[in-house]
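Chemist: Generate coordinates for the sequence data below:
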Amino acid sequence: MQTAILVRGWPFCNRLTTHTAMPMKLILLLSFGLLHLTLVAAEPLQVVSLAKEDETVTLSWNGGEPPYEIFRSADLQQWAPAGTSTEPTYTMMTGEATPSQFFRVMAADAFGDYVGQWRIAEGEFGEALAKHRLKSLWDFYRPQKPTGTAGAKAYFTQAKVRVRYIDGSTVRMFTGSLAELPEAEWTFGDRQMDLTWNWGEGEWERAMTLTLSFPYDIDGLRFQPVHLSDPTITLKADYAVPKPNLEWDGKVTMRANEEAALVEVDDKGERPDWWDRELEVTHGGVTVASTFSIGVPLIGGSPAFIFKTPLLVTWGQTTISGLTDQPIILSGRFSQTYYPFHHNFIETLWLEPASEPGMDPRILDQLRDQNIQFIIPENPSAFPDQESTLKVMGFDHQVRSL
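Modeler: Here you go, the predicted model:
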């Protein structure tokens, strides 16, 4: 069942027709002289207002469980995250002029009872570019028709998931059970589950493997609930075309495979003040200023008691000034990767503006003209006598200082 709202005379509309019980998933079509809202039946969600000013559009709604996620599409086939909001309103740039644009708003409980999220562990272990290329968010929802088995095998094979992942510099989304991933196949051991599938095409074609290793038998009945954070989780990729990797000695090598850990992060626990971070680095007339927060993962459903190097939890905003004729603003997860040294004594960011949804194409053109794919600020926050650095990696995979 669908409910539609039609507003004529955009942007000079003065009437909004709504249905009394609007569902949770919202799709907005913005085109010349016509605005469509198509709502797909789910939990009640009521639109309050829509407003356009210059190159921005603001959506406001009631209902659903936060956090809300906003997606955009040019063809209703490929969706890219546009942002997130804990409040029932969001303002975004309409971006590059196209015949039509679609926007989707989804609440945390859009697929049922929300359980939690896996995300790439942005901490001290592993390699920065592997974390960046394997960046993904795995939202889990309880199955509507559980078998009643309390084992981990049933839990993870039945769960419904929403996966947002980076594919080159494009953010894509998958929804369904894990077995519905492209060409997916499960294999099982006593305490391990492995899932293989394929993603991408051309230079981004890759064979993926998700490995879950448990401290207990996956088929056994449990007197305690299964948690997303019970297993140790590893995500691996084998690429058809090798990718660059920055080695410890500063040399760039090409690799056909890489891996990174996935974790469930404690988003709601008590936090010391020092977990709210600020980083500012200036070199060669270029300034990078960033705000973000760090925290600890969950283990067996509870926050890690001893964890020496906290992981990234959320990004605030990163502003890069001096490289282009207007500041570069990054706020998304897929355009930014946090890479700390032990105890967070030194903090490095890998910033890729091309992976920020809605980034102005003029900015991307200016960066390409300068052969800049990544901006890499490093701040030795625990060593005030040591200088910060600011480097870039080009499309030729070479790293140079600014």
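
Chemist: gap between the two ends of stretch 221-240?
Modeler: 40 Å (Cα to Cα, to the nearest Å).

Chemist: likewise stretch 376-392?
Modeler: End-to-end distance (Cα to Cα), stretch 376-392: 6 Å.

Chemist: To what extent is residue 305 buried, counted in neighbours?
Modeler: Here the number of neighbours of residue 305 (other Cβ atoms under 10 Å) works out to 7. Heads up, the C-betas are built off the backbone N, CA and C, glycines and all.

Chemist: so where is the stretch 301-402 of the chain shaky, pLDDT-wise?
Modeler: Judged against pLDDT under 70, the stretch 301-402 of the chain has no low-scoring part.

Chemist: now the strands: where do they sit in it?
Modeler: Ranges of strands in the stretch 301-402 of the chain, per DSSP state E, counting those that start in this stretch, are 302-303, 311-321, 328-330, 336-340, 347-351, 374-379, 389-393, 399-401.

Chemist: Any idea which of those strands gets closest to residue 277?
Modeler: Judged by Cβ to Cβ, the one of the strands of the stretch 301-402 of the chain that comes nearest to residue 277 is strand 347-351, at 7.2 Å.

Chemist: so how far is that closest one from its chain's centroid?
Modeler: 16 Å (Cα atoms, centre = their mean, to the nearest Å).

Chemist: quick revisit: can you check which of the strands of the stretch 301-402 of the chain gets nearest to residue 366?
Modeler: strand 328-330 (9.5 Å).

Chemist: So, low pLDDT: which residues of this protein?
Modeler: 1-45, 47, 77-79, 94-100, 108-111, 143-150.

Chemist: Domains of it: list them as residue ranges, please.
Modeler: 2-106, 114-263, 273-401 (automatic domain parsing).

Chemist: which stretches of the stretch 151-300 of the chain form helices?
Modeler: 152-158 (DSSP state H, counting those that start in this stretch).

Chemist: hey, where'd the strands end up in it?
Modeler: 160-167, 170-177, 185-188, 192-199, 206-213, 232-246, 252-263, 276-283, 286-295, 298-299.

Chemist: picking that back up, to residue 128, which of the strands of the stretch 301-402 of the chain lies closest?
Modeler: strand 336-340 (4.2 Å).

Chemist: Restricting to C-alpha, output that closest one in PDB.
Modeler: Taking C-alpha atoms only, strand 336-340 is exported to PDB below (Å, rounded to 0.1, in the frame of the first residue of the first chain):
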ATOM      1  CA  GLN A 336      36.600   9.800   6.800                       C
ATOM      2  CA  THR A 337      38.700   7.200   8.500                       C
ATOM      3  CA  TYR A 338      40.300   7.400  12.000                       C
ATOM      4  CA  TYR A 339      43.600   5.700  12.600                       C
ATOM      5  CA  PRO A 340      45.100   6.200  16.100                       C
END
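
Chemist: buried residues in it?
Modeler: Neighbour counts over strand 336-340 (16 or more other Cβ atoms under 10 Å) mark 336, 337, 338, 339, 340 as buried.

Chemist: Kindly report the same for stretch 177-192.
Modeler: Buried, per 16+ other Cβ under 10 Å, within stretch 177-192: 178, 181, 184, 191.

Chemist: ok, now stretch 123-136?
Modeler: So, applying 16+ other Cβ under 10 Å, buried residues of stretch 123-136: 123-124, 126-136.

Chemist: what about it, how long is it end to end?
Modeler: 15 Å.

Chemist: what sits up against it?
Modeler: With Cβ atoms under 8 Å, 6 or more residues apart in numbering as the test, stretch 123-136 has contacts from 118-122, 163-166, 235, 237, 243-246, 258-262, 309-312, 333-334, 337, 339-342, 348, 350, 352.

Chemist: Centre of the chain to that stretch, how far?
Modeler: 13 Å.

Chemist: Give the bridge partners for the residue nearest to residue 242 when sequence neighbours are not counted, please.
Modeler: Spatial nearest neighbour of residue 242, excluding adjacent residues (Cβ to Cβ, 6 or more residues apart in numbering): residue 254 at 4.0 Å. When bridges are called by DSSP bridges, residue 254 pairs up with residue 244.
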